[in-house]
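> Give the three-dimensional model of this entry:
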Amino acid sequence: MNGRERVFAILRGDSADRPPLMPIVHAALAPLAGVPLGRFFTDAQTMAEVIAGGCTRFGFDGVQLSLGVSAEPEALGARVDQPRDAAPVLREHLLADPSQAADLPVRGLGDRGRFPLYRRAMESVARRVGDRAFVVNTLRGPLNIASQLRGVEEILIDLLQAPDAAGQVLDLTVEIAIEAARATLDCGADLVMFGEATCSPNFISPELYRRLVWPRHRRMIEQVRAMGWPLTGLHVCGNIRPILPDLIATGADLIDVDHQVPAAGALEAAGGRVALRGNLDPIGDFFAGRPEKTGETTGMLARTVAGSRWIVSSGCDIPPGTKAEAIEACRSVLVQSG
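Residues are numbered from 1 along each chain as shown. Presented below is the predicted three-dimensional model:
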């Protein structure tokens, strides 16, 4: 089995020769390739070479591309700075007032900002490794986009004190997420993943999620699938155990599980209804972890999830500065487990 076949088997609910490895790592691969992050985020060829090169170097079964949280606001006209060796930095919130939502130019979003660059990078990665590795397209979900357009504190206050106004913003950001998915539909990726860090129970209550965000997640997943995306995923940080059944009920094919949620508990809650991915600690197991400890933790996870619908990964982004030895230790243990 090659990596692509391995990931597809898990997503279908079939068996694989071992748990596949598809970590949430993109920008962290740039320093390992000797590439400044400023060049990684501004040059399609460089981004593709870094992602495809990391796939080959570390033997990933799948790879993930992302522009970061500022991509959609930038394409809508927000000012974004690009440091020489860091991720893009959002410098303004376009929605000083929720009533301004109707004025944002959503149509044609994929032709503005960094989206043309991103499409070229994804197409190149798919050509280079797509015959042997699964390719994930990472976009932002509606609450994540709302937090970038409105401000994190402001959207939280809106959710609590002005839910109707928050709902109007979320209706807009659902359309933005759908437009971004449409713009990247034919770029060679196998699955579109929507990042929703701000949906975490660490940030909003499960009740708020179910009442204001879940119906919009469901609508987004339905419309993205109707436009032709065969597979969809949701990434929510933190302890998602209280809302895991709700995330599954959106209809997504893959749910990420952060390191705060024990793998056994996540598998029990999912009941085989959906594929799960996680849940190694991106800091403790990768960035600050000793390779031997990373290997030990990976081995325990592999034994826990053996025979289940589980893809081994970090529970969230592996940060730049992570040493290659930690990633290599994770891969080595998985290969031995097969």
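> State the three-state secondary structure for the nearest residue to residue 264 once chain neighbours are set aside.
Spatially, and ignoring its direct neighbours in sequence, residue 264 is nearest to residue 304 (5.7 Å; C-beta to C-beta, 6 or more residues apart in numbering). (C-beta placed from N, C-alpha, C; glycine too.) Under DSSP: H, G, I helix; E, B strand; the rest coil, residue 304 falls in the helix class.
> And residue 193, by the same measure?
strand.
> Against residue 181, how distant is the nearest residue to it once chain neighbours are set aside?
The shortest distance from residue 193 to any non-neighbouring residue, by C-beta to C-beta, 6+ apart, is to residue 233 (4.0 Å). Remark: distance between residue 233 and residue 181 (C-beta to C-beta, to the nearest Å) = 12 Å.
> who touches both of these two?
Residues touching both residue 233 and residue 181 comprise residue 192, with contact defined as C-beta atoms under 8 Å, 6 or more residues apart in numbering.
> quick one on the thing from earlier: please save the CA atoms from the helix or strand containing the residue nearest to residue 193 in PDB.
Take DSSP states H and E as the rule and residue 233 turns out to sit in strand 232-235. Output in PDB follows, covering the C-alpha atoms of strand 232-235 (Å, rounded to 0.1, in the frame of the first residue of the first chain):
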ATOM      1  CA  THR A 232     -14.500  17.300   3.700                       C
ATOM      2  CA  GLY A 233     -13.000  17.700   7.100                       C
ATOM      3  CA  LEU A 234     -13.200  19.900  10.200                       C
ATOM      4  CA  HIS A 235     -10.400  21.000  12.500                       C
END
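> Now do that strand: everything it contacts.
So strand 232-235 is in contact with 24, 136, 138, 141, 191-197, 217, 221, 224-225, 247, 250-256, 277, 316, going by C-beta under 8 Å, 6+ apart.
> Out of those, which sit inside helices?
217, 221, 224, 225, 247 (DSSP state H).
> Generate CSV for these, with neighbour count, pLDDT and distance to residue 309 as supplementary columns.
Below are these laid out as CSV (neighbours: other C-beta atoms under 10 Å; pLDDT from 0 to 100; distance: C-beta to C-beta, whole Å):
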residue, neighbour count, pLDDT, distance to residue 309
217, 28, 98, 20
221, 21, 98, 18
224, 23, 98, 21
225, 17, 97, 19
247, 25, 98, 14
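> Strands of this structure, residue ranges please.
Along the chain, the stretches classed as strands by DSSP state E are 62-66, 80-81, 89-90, 134-140, 191-195, 232-235, 254-257, 275-280, 310-314.
> Adding mean pLDDT, mean neighbour count and distance to residue 38, write the ones you listed out as TSV.
Output for the strands of the chain, formatted as TSV (pLDDT from 0 to 100; neighbours: other C-beta atoms under 10 Å; distance: least, C-beta to C-beta, whole Å):
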stretch	mean pLDDT	mean neighbour count	distance to residue 38
strand 62-66	98	24	16
strand 80-81	97	14	10
strand 89-90	97	16	11
strand 134-140	98	26	20
strand 191-195	98	25	22
strand 232-235	98	25	25
strand 254-257	98	25	27
strand 275-280	97	26	28
strand 310-314	98	26	24
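> wait, which of these is closest to residue 150?
strand 89-90 (11.7 Å; C-beta to C-beta).
> Parallel or antiparallel, list what pairs with that closest one.
Using DSSP bridges, strand 89-90 pairs in its sheet with strand 80-81 (antiparallel).
> Tally up the residues packed near residue 325, please.
14 (other C-beta atoms under 10 Å).
> do the same with residue 42
Residue 42 has 14 nearby residues by other C-beta under 10 Å.
> quick revisit: just send the strands of the chain back as JSON lines, with distance to residue 34 too.
Output for those, formatted as JSON lines (distance: least, C-beta to C-beta, whole Å):
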{"stretch": "strand 62-66", "distance to residue 34": "19"}
{"stretch": "strand 80-81", "distance to residue 34": "23"}
{"stretch": "strand 89-90", "distance to residue 34": "23"}
{"stretch": "strand 134-140", "distance to residue 34": "23"}
{"stretch": "strand 191-195", "distance to residue 34": "27"}
{"stretch": "strand 232-235", "distance to residue 34": "28"}
{"stretch": "strand 254-257", "distance to residue 34": "29"}
{"stretch": "strand 275-280", "distance to residue 34": "25"}
{"stretch": "strand 310-314", "distance to residue 34": "22"}
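> Just want the phi and psi numbers for the residue lying closest to residue 283 once chain neighbours are set aside.
The spatial neighbour of residue 283 that comes closest, neighbours along the chain excluded (C-beta to C-beta, 6+ apart), is residue 319 at 7.3 Å. With angles defined as degrees, to the nearest 10, residue 319 sits at phi -80, psi 150.
> shaky segments in this protein?
Applying pLDDT under 70 to the chain picks out residues 338.
> show me where the stretch 1-150 of the chain has helices.
Using DSSP state H, counting those that start in this stretch, the helices found in the stretch 1-150 of the chain span residues 3-12, 29-32, 37-40, 44-58, 71-75, 115-129, 142-150.
> quick one: contacts for residue 291?
Counted by C-beta under 8 Å, 6+ apart, residue 291 has contacts 323, 325, 326, 328, 329.
> same deal with residue 24?
Residue 24 sits in contact with 64, 235, 256, 282, 313, 314, 315, 316, 317, 318, where contact means C-beta under 8 Å, 6+ apart.
> burial count for residue 74?
22.
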